[in-house]
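# Pasting a predicted model and its sequence here:
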Amino acid sequence: MIGLAIVLGYLLGNILTAYPVAYLVKKESIRKLGDGNPGAANVARSLGRKWGILVWAGDVTKVLLAMSLAKKMGIDGIFILTLVGVSAILGHCYPIFFRFQGGKGIACMGATVLFIMPKVFPLAIILWFLIQRINPRSLTLVIQALVVFLLAIGLVYPKEAFFPLVGSVFLLVGTGMLVNLQVLREMKL
């Protein structure tokens with residue numbers, strides 16, 4: 001069942017909502033608009049905020065659907081559910097149907113956090129926006145935000161969930177680094 005859920009997550013991740021939205025609004029491939037990235041931010045900059053929100057909602061929904069289906073299949077371990085979310089992220093970033101050229105996976109990562117730790121999801125959003133506003137290329141700032149987030153997990157969730165949740169956070173951080181190597185290279189202390 002786990003293997004099936006991971007494959008299903010990857011295939012759902014392949015649904016890049018930026019493509020149909022760009023064709024619907026501009027009759028153009030999203031690859032020819034803005035920075036060419038098939039993600040919500042590029043759609044918002046190129047087509048308008050409401051279209052960016054629609055793409056964001058689609059990207060979040062596909063991950064939540066993959067993880068919900070995995071849960072219905074009897075998968076309930078936090079870390080395994082995170083693996084299903086990661087497979088959807090990888091499907092979004094490296095979609096087989098688009099020659100492995102997808103988005104950056106930010107909305108998909110957020111959806112995974114929302115599914116596995118909804119109580120601290122608002123803090124994740126606040127920290128992400130703060131980092132984007134202050135300096136998204138500051139490694140020091142990212143590490144500080146990560147420490148705050150891990151402390152919040154320890155305060156909000158029962159101690160038996162702490163280590164699986166922390167493992168999930170590090171799996172998501174590692175995935176984020178893997179799919180955004182260019183950003184990682186640009187980071188400075």
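That came through, no problem. Being a predicted model, the structure only gives us computed values, none of them experimental. Residues are numbered from 1 along each chain as shown.

# Going by C-alpha atoms from here, please, whenever you check contacts or count neighbours.
Fine.

# Count the residues that sit near residue 69.
Per other CA atoms under 10 Å, the neighbour tally for residue 69 reads 16.

# Tell me where the model's unsure across the protein.
The model of the chain has pLDDT under 70 over residues 181, 183-184, 186-189.

# The helix ranked longest in it: which residues count as buried?
The single longest helix within the chain, with elements called by DSSP state H, is helix 49-72. For helix 49-72, burial by neighbour count (16 or more other CA atoms under 10 Å) applies to 51-52, 54-71.

# Stretch 171-183 now?
Of all the residues in stretch 171-183, those buried under the rule 16+ other CA under 10 Å are 171-172, 175-176, 179-180.

# Next, format those residues as a markdown table and append distance to residue 84.
A markdown table is the format used below for those (distance: CA to CA, whole Å):
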| residue | distance to residue 84 |
| --- | --- |
| 171 | 11 |
| 172 | 11 |
| 175 | 12 |
| 176 | 15 |
| 179 | 16 |
| 180 | 19 |
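
# Residue 158 versus residue 99, what's the distance?
From residue 99 across to residue 158, the span is 42 Å (CA to CA, to the nearest Å).

# ditto for residue 6
27 Å.

# One more: residue 83?
21 Å.

# Those two: which is more packed in?
The neighbour comparison of residue 83 against residue 158 (other CA under 10 Å) goes to residue 83, with 21 against 9.

# show me the contacts for that one.
Residue 83 makes contact with residue 6, according to CA atoms under 8 Å, 6 or more residues apart in numbering.

# Which secondary structure element is home to it?
Residue 83 belongs to helix 78-93 when assigned by DSSP states H and E.

# Could you tell me the angle between that helix and helix 49-72?
140 degrees (axes from the mean of the first three to the mean of the last three CA atoms, to 10 degrees).

# any idea how far helix 78-93 is from the chain center?
9 Å (CA atoms, centre = their mean, to the nearest Å).

# ok, the residue nearest to the spatial centre of the chain - contacts?
By CA atoms, centre = their mean, the chain has its centre lying nearest to residue 109, at 1.9 Å. Neighbour list for residue 109: 85-86, 89, 172, 176 [criterion: CA under 8 Å, 6+ apart].

# Distance of the residue lying farthest from the centre of the chain relative to residue 87?
Centroid-distance maximum for the chain: residue 27 at 26.8 Å, with CA atoms, centre = their mean. Distance of residue 27 to residue 87, computed by CA to CA: 30 Å.

# ok, residue 102 - how many residues close by?
27.

# That one against residue 95, yeah?
Yes. Using CA atoms under 8 Å, residue 102 is in contact with residue 95, at 5.9 Å.
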